Structures are given as C-alpha cells and as structure tokens.
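**Student:** Next comes the sequence, and after it the predicted model I'd like to discuss.
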Amino acid sequence: MAGRAGERAQTWDAGRARSASPVRLPRGAQDALEHIRTWLIAEVAPGRLMPWLPIAFGTGIVVYFTAEREPNVVASVALFGALALAAVLARGRPLAFPLLLALATIAAGFATATLKSAALAHTILQRPAWNVAITGWIEVREERARSDRIVVKVHAIEGARLKEAPERVRVSVRKGRAPPVGSFVAFTARLEPPRGPLRPGGYDFARDLYFHGIGATGLAFGAIRGADPPRPASAWLRYAAFIDGLRDAIDRRIRASLPGDVGAIASALITGKRDTISPAVNDAMYISSLAHVLSISGYHMAVVAGVVFFVVRALLALAPALALRRSIKKWAALAALLAAAFYLVLSGAEVATQRAFIMTAIVLVGIMADRSALTLRNLALAALGVLMVAPEAVVHPSFQMSFAATLALVAAYERGLPWMMAGADTPLGARIALWGGREIVMLVLASLVAGLATTLYAAYHFHRLAPYGVFANLLAMPMVSLVAMPSGVLALVALPFGFDGPLWRLMGVGIEWMITVAVWVASLPGAVGRIAAFGVGPLLIGTAGLVLICLLRTPLRWGGAAVLAVAILWAIQAVRPDVLVADGAFAVRTAGARLAILKTGHDSFAIREWLAADGDSRLPGDARLAEGFSCDPAGCIARLPDGALVSVALGPDAFEEDCRRAALVLSPRTAPPFCRATIIDRTVWRQTGALA
C-alpha cells in the first residue's frame, strides 16, 4: 500500500507539473504585460484613489436617475452601509479594497439622491387648471426679455378643476409687474403640470423643477395684488428679500452708468441677472463660445478673489512693520475668501458658482495653511461637496461643463507647468517671460484645453459647436480679465462711497470689446457649427475617456483617447427620428431628409428644440416648416423617405380614410377604437410625454 501510494503521489505530481507549465508568450508581449502591471500598481498607489471618489459618487446618482420608479430609502441606505462595512474590513487587501470602496461610493451617491428626493417630496400638478386663485409669498423674481417670472410659496390655492395643491408655483407675469421678493400677493393664474422632455432623451424640465420644489408652472392673469400676510415671513424669506433688494440696487446703479447690452452683461457678471441680454447678442455669445462669461463660475470667482487678494496684500505691504512681522499673505487670503463668499451670495449661488466657491475656498485655505491648493484632490473635494448638497446637479449642463473644463485645466497645469518652466533660468527664457510670451502661451493652451473638454457636453445639450471658440476667447478674454472684471470688483467697493461711476464705465469698455469680438466672430463663414442630437451613451463614454486622460498618470491614460474616439464616432452616427410628437406639434421626416413640422397649438418651444436637435438652421416662425405636408380642413398627410404615409388627423372626419391608408396616424384628438393603423393620439402622448 505504501508503494502504491508513493506511485500515486508521483503520478499526481507529474500531472500537476505538466498542467502548470506556463504558456510561453513572445518576449514583446511579456514585456508589455509587465509594463501594464507596473502601471496599474502605480495607479492604485496610496493617495491616487481620492480623485476617483466623486466619479463613483456621481455614477451612483446617475444610476438613481435611470430607475423606473422611486427607490426605497431604507434599502438604499442599507446597501451603502453594508458595502461601506465590507470596504473597511477589506482595507488590507490590495484588490478587494479599491473595488469595494468604489462600490460603496457608488451606493453612497445612489442613497444621497434617494434621500434628497424623499426629503423634497411635494405635490405635483397632474392636469391643466384654469382660473386658479393663489395667495402666497414671492420667493424668487426673474426679469426676462419679454416678461417677468416669479416663484410663489403657496399659502392658499383654489380652482374649479384643481385636484392637487402644489406647495410652490412658477408663473410668468407682465414685464415690469412682478412685486419684490418677500411680498405676500394674490392673483389668478392658469396652471399646467411641469413640462417634461420635449423629445426622448432631451432635457427634463420637470425633474429640474421638482428639485427646486416647484409643482406647477403657468401664466398669471390680471394684476398681481398685494395682500396682508396671515403671518410674518420666515427668516429665510427675509434674507432672500434682502439679497434680492441688494442685487436690484446694484443692477439699477450699473444700468444707470451702462445702458443696453453692455449694462445687461455687466449686471450678469456682478449680480448674476442675465435674462435681459438681447437675443442677437446672446446668440453671438453662444456661437463664438464666449457664453461662459455670462454664467458666473470658476473664472469669475478666481478673478474676484485674485483682485481682492492682490489689493489687500499690496495695501498691507505699505506698512513695513506689519509686512515684516505678520503673514500678510494669509490675511489677504482671508479677505479674498470673505469677498468670494459675498460674491457667491450676491450672484444667486447657482451650481457652477457653488463649485467655483468651494474650489476657490480650498485654494485660499491652502494658502492660509501653507499647503499647495491647485490639485486634483481639491477639485475632487469640491465636486463631492456640490454633489452632496445638490445631487441633481450631475445631470445639469452647467455642472458637467464646469467640472470638465476645470478637470482638464488642473490636469494640464499639473503636467504642463514643469514644461512651461523649463528653461526659465536661461537668458532666452528670461526674455520670453519679460515679454509675456509664457502668459500668452498659457492663455492659448487654457482656451484650447477648456474648449476641447467641454465640446462634447455643448454638443449634447445645445447641439452646437464653436469652430472659432479658441480664437474668440484669445481676442476677448484678456480685456475681460484685465479690464472688465477688476473694474467691476473695484466699482462694488467704491459704490457705497459714490465713486463707482467711472469704474462701471471702465468695465463697459472691456464688455464692449467682448461684444464686438462675439458679433464679428459669429458673422464669420462657418461660425455656426450645428450637430444633430445623440443619445446619452456617447456622452457617458466620452466622459469616461476624458476622466481617464486627466486622472491617470501612467501611459495608460492614452487609452482614454481611444475611448473618446469611440464616443465621437458613436455620436456622429446617431440615428435621427422619422416622427416627433409633442403637445400641440407634430414633425415628419420627408424625402428631403428635413423635418416637416405642423403646429396645432401656440407654444413654439418644442419646435425650437426639435430644429436644434436636428441640426436644422430654420426658426420656429419659418413659413417653410410645413413644406412636405398636404393639408385640407380635416387634416394633413406627409410621406416618409420610404414612401410610408403619415397622417395628422385634425378633425373627426379624417379618421375613417386615414386609418385605412396611413401607416401612422397622429392626432391632437382622441382616436376612435376602430382605427387599424398605429395611433398616437391625445390619450397616448398625454400618458407617455413627447415621443420619437
């Protein structure tokens, strides 16, 4: 038995030796695998995972928004707790810990969005209602080009067909008739449910309004009457009224010195009120890629903090005893932080401004703590801070474009600064620095990097490209940075003393130059770059490519370029819909490959969105939009490129014939049950929303 056992052991060992013989790879493949292994180990080294946490957190929020129904709060929090505990227990394992940490962070984002949605749960209007009597407090007032808009915290609401009682409503009122924030008012309005996407995959306005606590939108009729409040306004409302009054006072002072679009843009840069800029100038700003100047973000916050830091430090340096004995740089950083906080409050604290303030605060606190501040780690902290407070921001174009540009700029700064500084100690390098050559190169690179990083998001949300964007920014931004913004900051300081007028006018000089550049660039051949809409898939893949390029340090980052190429090819090959349906509008793609659009209502917003998403330069008021439809009093018909007939039945008499001949019948009415064709009528699109 012993001998046989020994023989069995020998046989088993030999078999194991044969099966375990390694597969011989070519020497080049072995070297490549070893390099990849080394790079992967470097990418997960201590301290390298921090910038990935907001990526995972945001992924969890995106997963939340894909859920078919509202997730359970307890289950979401329990999942996060279990994964967090598993990550803590696995912290000594080199592979399990990063994986579990990523899963726990994704679950944290999912749970945060679920908790925020549950905390904000409020009543949403489901059906249109007319002659609704409303009383309440005005919380927000917006001035627009043709009308004003107010958000009302409802105290009482009554209407004949009103089944729900929204807590907040947003209504449009006549230009110049909106009372100030904090007023208790009474008025009559027509209310509608919050508008959903105007096409599948389009921006969800209802989701945005939900996270602002708004349950209905509409139009106010007649006068907005002041009334006696049933109780004193809340502390928050009194604060909002004070800030709105301050913004209005500054806005009036700016407009008194700078009329027209120059004053409107100056007010946008200081107070955040940008709804009164004329459509022509606004379009020129978008076409020339200068529209980012109108939205207060990292650039504006950096200029404000930088101007205050420089001025305060320069003034403190005038006292040699103070400058030699105290750290005046830290005092200047504290003053800049307070100025940035005031600017955040004054400008309305939008998502981009919140992110900019958090990032600026981290930089300034780093100065006070003698730490390097402009790092990917601090950008990650800023992103986590914004997403924890406002998880819905992850699907907003402002958040996406702002962080994409900042991520690319910080990554370029970290990797490009050594290259930019190389040779600075040589005579040639010193002369180049003296002539401002390095600053010019850095401005060109910053414009190019930020423009490229935001191109995919601009194409997805606005269906536009800016071929001359870098050129326009190079021409306009020096005047904005060196003249307009510093003058505006100093004018704010001088305003209480009455010496702000010359500074506002100096600010206007820089803004006039920017408008001139925008209008000129917008008039160049090929300046309007339109692109047809594409799905969320290319956006997610492109975001992954950008993240890989910016966050990875080893040569693995160039894999992100391949991922970006896949996203671009996918976006270019997106299939355009043949038929679009929304409330009061129908579109059919005819043999000419353009949309023939028929409007049965008064709202042109859906048509404007459809044309932009189709890469079509026509406007909603164009008389040629209906070309391709043949109409009679009963309805209209159009043919698809393959010859199939699409009918729009406007009257009840059209259904009998159209249901026999057409492949698809569209109607603003309710179709009869005998119709054999595919039907999209009022009942269908009211249940499903916009269709394509």
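**Tutor:** Structure's in. What do you need? Note that the structure is predicted; figures quoted are calculated from it, not measured.

**Student:** Pull the contacting residues for the spatially most central residue of the chain.
**Tutor:** In the chain, the C-alpha nearest the mean C-alpha coordinate belongs to P397, at 1.8 Å (Cα atoms, centre = their mean). Contacts of P397 were listed using Cβ atoms under 8 Å, 6 or more residues apart in numbering, and they are 203, 457, 461-462. In this view, the C-beta of every residue, glycine as well, is placed from N, C-alpha and C.

**Student:** and if you look at L456?
**Tutor:** Residues in contact with L456, defined by Cβ under 8 Å, 6+ apart, are 404, 538-539, 542-543, 546, 567-568, 571.

**Student:** picking that back up, if I look at the residue nearest to the centre of the chain, how far off is A450?
**Tutor:** 15 Å (Cβ to Cβ, to the nearest Å).

**Student:** Now stretch 163-172 - C-alpha only, PDB.
**Tutor:** Coordinates of each C-alpha in stretch 163-172 appear next as PDB, following Å, rounded to 0.1, in the frame of the first residue of the first chain:
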ATOM      1  CA  LYS A 163     -57.300  68.400  -7.700                       C
ATOM      2  CA  GLU A 164     -53.800  68.900  -6.300                       C
ATOM      3  CA  ALA A 165     -52.400  71.700  -4.200                       C
ATOM      4  CA  PRO A 166     -48.800  72.400  -5.200                       C
ATOM      5  CA  GLU A 167     -46.600  74.000  -2.500                       C
ATOM      6  CA  ARG A 168     -44.800  76.200  -4.900                       C
ATOM      7  CA  VAL A 169     -45.800  77.500  -8.400                       C
ATOM      8  CA  ARG A 170     -43.800  79.400 -11.000                       C
ATOM      9  CA  VAL A 171     -45.800  81.800 -13.200                       C
ATOM     10  CA  SER A 172     -44.900  84.300 -15.800                       C
END
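
**Student:** Residues touching it, excluding its own?
**Tutor:** The set of residues external to stretch 163-172 that reach it, using Cβ under 8 Å, 6+ apart, is 122-127, 134, 136, 139-140, 144, 147-154, 157, 187, 189, 191, 209, 212-220.

**Student:** try 6 Å
**Tutor:** Here stretch 163-172 makes contact (Cβ atoms under 6 Å, 6 or more residues apart in numbering) with 122-123, 125, 147, 149, 151-154, 157, 189, 213-220.

**Student:** hmm, which of the residues you listed are the buried ones?
**Tutor:** The neighbour-count criterion (16 or more other Cβ atoms under 10 Å) marks 125, 147, 149, 151-154, 157, 189, 214-218, 220 among those as buried.

**Student:** Of the residues you listed, which pair is most distant in space?
**Tutor:** Across the buried ones among the contacts of stretch 163-172, the two members that end up farthest from each other (Cβ to Cβ) are S147 and I157, 21.6 Å apart.

**Student:** rewinding a little: looking at the contacts of P397, which are in strands?
**Tutor:** Counting by DSSP state E, no part of the contacts of P397 is found in strands.

**Student:** Out of these, who's the most crowded?
**Tutor:** Neighbour counts for the contacts of P397, by other Cβ atoms under 10 Å, peak at Y457, which reaches 22 neighbours.

**Student:** pLDDT value on that residue, please?
**Tutor:** pLDDT for Y457: 91.

**Student:** same deal with G58?
**Tutor:** The pLDDT attached to G58 in the predicted structure is 95.

**Student:** for this protein, what's the longest strand?
**Tutor:** Using DSSP E to define each element, the chain has its longest strand at strand 129-143.

**Student:** Show me what that one packs onto, helices and strands only.
**Tutor:** Under the contact criterion of 3 or more Cβ pairs under 6 Å, 6 or more residues apart in numbering; DSSP states H and E, the helices and strands touching strand 129-143 comprise strand 147-158, strand 184-192.

**Student:** Name the strands paired with the shortest one and say parallel or antiparallel.
**Tutor:** Based on DSSP bridges, the pairing partners of strand 184-192 within the sheet are strand 129-143 (antiparallel), strand 216-226 (antiparallel).

**Student:** and it, average pLDDT?
**Tutor:** Taken as a whole, strand 184-192 has an average pLDDT of 93.

**Student:** How about stretch 133-141?
**Tutor:** When pLDDT is averaged over stretch 133-141, the result is 93.

**Student:** repeat for stretch 154-170
**Tutor:** Mean pLDDT, taken over the full extent of stretch 154-170, equals 91.

**Student:** Flag every buried residue along it.
**Tutor:** The neighbour-count criterion (16+ other Cβ under 10 Å) identifies 154-155, 157, 159, 162, 164, 166-170 as the buried residues of stretch 154-170.

**Student:** same deal with stretch 633-651?
**Tutor:** Buried residues in stretch 633-651, defined by neighbour count with 16+ other Cβ under 10 Å: 634-640, 645-650.

**Student:** For it, C-alpha coordinates in PDB please.
**Tutor:** Backbone C-alpha positions of stretch 633-651 (Å, rounded to 0.1, in the frame of the first residue of the first chain) are rendered in PDB as follows:
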ATOM      1  CA  PRO A 633     -59.700  71.100 -43.400                       C
ATOM      2  CA  ALA A 634     -59.900  67.600 -42.000                       C
ATOM      3  CA  GLY A 635     -56.100  67.000 -41.600                       C
ATOM      4  CA  CYS A 636     -52.700  66.700 -43.200                       C
ATOM      5  CA  ILE A 637     -50.600  63.900 -44.700                       C
ATOM      6  CA  ALA A 638     -46.900  63.500 -45.400                       C
ATOM      7  CA  ARG A 639     -44.700  60.700 -46.700                       C
ATOM      8  CA  LEU A 640     -41.600  59.300 -45.100                       C
ATOM      9  CA  PRO A 641     -38.500  58.700 -47.200                       C
ATOM     10  CA  ASP A 642     -39.600  55.100 -47.800                       C
ATOM     11  CA  GLY A 643     -43.000  56.200 -49.100                       C
ATOM     12  CA  ALA A 644     -45.000  55.300 -46.000                       C
ATOM     13  CA  LEU A 645     -47.900  57.600 -45.300                       C
ATOM     14  CA  VAL A 646     -48.200  59.600 -42.100                       C
ATOM     15  CA  SER A 647     -51.400  61.300 -41.300                       C
ATOM     16  CA  VAL A 648     -52.200  64.100 -38.900                       C
ATOM     17  CA  ALA A 649     -56.000  63.900 -38.200                       C
ATOM     18  CA  LEU A 650     -57.200  67.400 -37.100                       C
ATOM     19  CA  GLY A 651     -60.900  66.700 -37.400                       C
END
